[in-house]
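> Sequence unavailable; structure follows:
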Ligand code: IFM
């Protein structure tokens, strides 16, 4: 076996990603709190509760952990419902709180990447129709301006909207997110409004901060035909990928939303990205099936033989992240892996998943795909939306009763990778021997 090592480009950003509602705790003024407390919506009746208690100050020790283990960046989000608790009111204390967290990152030499919308909406916005009407656009723009004015001395790397496709699939196509509707047409209208909101945010940020780098984070699902050489499976995989992966990103490239069932001109969105964030987790096989009209005649299943995560949520298919980055080249902008990770409470799979996916990111970098950083999801176990606390994505585990953090073995591996800016044979041999064959054959 080849006892060598692989290295990433100089200046590569190594971090972890979190989101406000998932780690802060005590967010009671947004749609997710309402959803959690409605009953029957979250696995095992879980609620976000105090989450990882970042709002109570635990962010300090978690960011210490990130910095002490060699990370040089962190992706976090700000909570709209805290900063703007009512349409006519800003909470300056909340903004000051975020300023402290972000100054805390800079003190720890962590480059901040800040997400402005990560699934949660203030309740007052929901009462006005949320993202279903374009009345949201000026509200989102005003919120973005307020945040950027407050944080512009510290942050230049902005994510406008996290995973618009997941927000829409989750909330409007039966995916277990609020508002729990099943209305594809309305979902596509939400997509149009999110494109408009993103475009307005992009311009507002650049007007305040010309040097800013602004993009959005896409959830890329690797959709492959179930039977190679059988064209109907390939067509269905392409169709699903076109709607799920391409629609939002394509509209930002061309100014035209083409979601097959809906084609709308959104000219203001054209060219509004300085980079693209790719959140990649898993792969599905797609099989042509006339009995699956709800799935656009493409039934999805997990690839046989792929290692599955603890609750079956993620199939480990490392080539999928390479295919995602390959696909993303068409946008001709720098790329970040803005999320990647696996739910694994006893850490039996994470080390292998981590190195095998990173090897594919390295492969993409070697083809000169413009990948500038990698953010592992997540720093510490946090509230996993409709799956509650049943899935554990953290490098550190969380004991919800005591708020204690439990260092998983993967931390040692990720620490070594961040320090080395690469992966060595010895690291894999020590922490993920199951991946040796594949990486250093
Ligand atoms: O926890 C989520 C995150 O909020 C968005 N991307 C996927 C993660 C894992 O499910």
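That came through fine. Being a predicted model, the structure only gives us computed values, none of them experimental.
> The ligand contacts on this structure?
Taking Cβ under 6 Å from any ligand atom, the part of the chain that reaches the ligand is made up of 19, 22, 163, 279, 339, 377, 384, 393. All C-beta spots, glycine's among them, are computed from the backbone N, C-alpha and C.
> Could I get the contacting residues of residue 225?
Neighbouring residues of residue 225 by Cβ atoms under 8 Å, 6 or more residues apart in numbering: 233-234, 236-237, 285-287.
> Keep only those of those residues that are in strands.
Those of the contacts of residue 225 mapping onto strands are 285-287, per DSSP state E.
> now, among those, which is nearest to residue 31?
residue 286 (31.0 Å; Cβ to Cβ).
> What residues does that closest one make contact with?
223-226, 233, 236-237, 240, 298-300.
> Compile these into CSV and extend it with columns for pLDDT.
CSV is the format used below for the contacts of residue 286 (pLDDT from 0 to 100):
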residue, pLDDT
223, 98
224, 98
225, 98
226, 98
233, 98
236, 96
237, 97
240, 95
298, 95
299, 97
300, 97
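> Dig out what residue 423 forms beta bridges with.
With DSSP bridges applied, residue 423 shows beta-bridge pairing to residue 6.
> burial count for it?
25 (other Cβ atoms under 10 Å).
> Which part of the stretch 1-150 of the chain gets nearest to the ligand, residue-wise?
Of all residues in the stretch 1-150 of the chain, residue 19 sits closest to the ligand, at 4.9 Å by Cβ to the nearest ligand atom.
> Without its sequence neighbours, what residue ends up closest to that residue?
residue 118 (4.0 Å; Cβ to Cβ, 6 or more residues apart in numbering).
> And the one you found, what's its pLDDT?
Predicted confidence (pLDDT) for residue 118: 99.
> Look up how far residue 300 lies from it.
25 Å (Cβ to Cβ, to the nearest Å).
> on that earlier part again, which of the contacts of residue 225 has the most neighbours?
residue 286 (28 neighbours).
> So it versus residue 320, what's the distance?
On the measure of Cβ to Cβ, residue 286 and residue 320 end up 13 Å apart.
> Please apply the same query to residue 338.
15 Å.
> So which of these two has more stuff around it?
Between residue 338 and residue 320, residue 338 has the larger neighbour count (other Cβ under 10 Å), namely 28 against 24.
> For that one, grab phi and psi.
Backbone torsions for residue 338, taken as degrees, to the nearest 10, come to phi -90, psi -10.
> hmm, back to that, state the phi and psi torsions of the residue nearest to residue 19.
Backbone phi and psi, for residue 118 under degrees, to the nearest 10, turn out to be phi -130, psi 80.
> Residue 425 versus that one, what's the distance?
Counting by Cβ to Cβ, the gap from residue 118 to residue 425 is 37 Å.
> Just want to know which of these two has more residues nearby.
residue 118 (23 against 16).
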